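# predicted structure and sequence below. I'll ask about it afterward.
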Amino acid sequence: MKVIDLKPDEFHPYYASYIGKVPQTWELKSGFETGAQAMVEFFKSIPSEKLEYRYAEDKWTIKELLQHIIDTERVMMHRCFRIARRDITPLPGFEQNDYIMPSKANSKSIDTLIEEYQIVRKNSMVLLSSLSSEDLKCIGTASGGNMSARATAFITLGHEIWHADIIKLKYL
C-alpha cells in the first residue's frame, strides 16, 4: 500500500501537504521503519547548540519540534487504531500549541527525546503490522472530516518530513 493509493475522500484537504511529502515509492508499513531511521540520523546530526534555538520569539525550539512530532504520532496513530477497529465515534482535533509547554521538551536531553521517538515509532509499527489492508481502508471521522486509518498513518510519515524540512530551512 503506497501513498498514491489514497483517494481524496480519505482525508481532509488540510492534510494534503503532509501526504505530499511521503515518497511515492514508500510502502506504508516499511515507510515507518525507513522514516524512523532517517529521523533519528537527522536529529542526532543537529549540533547541540542549535537544539534550543528559536528562529523567532514565538516559534518552537528543535527539541520542541521533535516532541511535537512524537506527540502528533501518538494522536494520529490513536486515530488509526480507532478507525481501523471500526469505531464510529467522531474523533476530535487537538491544539498542538497546548501540548508543548507541559511537555517540558527543552529540559529533556536529545537522547531522551530520540529514545521516546523510537519507542513511539515501534508502537506504531507494531500496530500497523497487526492491521489488514481492509482495516487500513476503514474510514471514520477525525477533526470534523473523513479520515481513513491508512491516511492517518501516511500523514504521520509526511508530518515528520515536513518538520525536518522546516528545521533545515529555518534553524540550521
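Structure received.
# please count neighbours and contacts with C-alpha atoms only from this point.
Noted.
# and the residue lying closest to residue 100 once chain neighbours are set aside, what element?
Nearest non-adjacent residue to residue 100, counting by C-alpha to C-alpha, 6 or more residues apart in numbering: residue 64, 6.5 Å away. In this assignment (DSSP states H and E), residue 64 forms part of helix 62-84.
# could I have the CA atoms of that helix written out in PDB?
The C-alpha trace of helix 62-84 is given here as PDB (Å, rounded to 0.1, in the frame of the first residue of the first chain):
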ATOM      1  CA  ILE A  62      14.200  22.000  17.700                       C
ATOM      2  CA  LYS A  63      13.700  19.900  20.900                       C
ATOM      3  CA  GLU A  64      10.100  21.100  21.000                       C
ATOM      4  CA  LEU A  65       9.600  20.300  17.300                       C
ATOM      5  CA  LEU A  66      10.800  16.700  18.000                       C
ATOM      6  CA  GLN A  67       8.400  16.500  20.900                       C
ATOM      7  CA  HIS A  68       5.700  17.800  18.600                       C
ATOM      8  CA  ILE A  69       6.500  15.100  16.100                       C
ATOM      9  CA  ILE A  70       6.300  12.500  18.900                       C
ATOM     10  CA  ASP A  71       3.000  13.800  20.300                       C
ATOM     11  CA  THR A  72       1.400  14.100  16.800                       C
ATOM     12  CA  GLU A  73       2.400  10.500  16.000                       C
ATOM     13  CA  ARG A  74       0.700   9.400  19.200                       C
ATOM     14  CA  VAL A  75      -2.500  11.300  18.300                       C
ATOM     15  CA  MET A  76      -2.600  10.200  14.700                       C
ATOM     16  CA  MET A  77      -1.900   6.500  15.400                       C
ATOM     17  CA  HIS A  78      -4.600   6.500  18.100                       C
ATOM     18  CA  ARG A  79      -6.900   7.700  15.400                       C
ATOM     19  CA  CYS A  80      -5.600   5.000  13.100                       C
ATOM     20  CA  PHE A  81      -6.300   2.300  15.700                       C
ATOM     21  CA  ARG A  82      -9.800   3.500  16.500                       C
ATOM     22  CA  ILE A  83     -10.800   3.900  12.800                       C
ATOM     23  CA  ALA A  84      -9.300   0.500  11.900                       C
END
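# name the residues of that helix that are buried.
Within helix 62-84, the residues scored as buried using 16 or more other C-alpha atoms under 10 Å are 62-74, 76-84.
# for the residue of the chain most remote from its centre, helix, strand, or coil?
Distance from the C-alpha centroid of the chain peaks at residue 49, with 25.0 Å (C-alpha atoms, centre = their mean). Under DSSP: H, G, I helix; E, B strand; the rest coil, residue 49 falls in the helix class.
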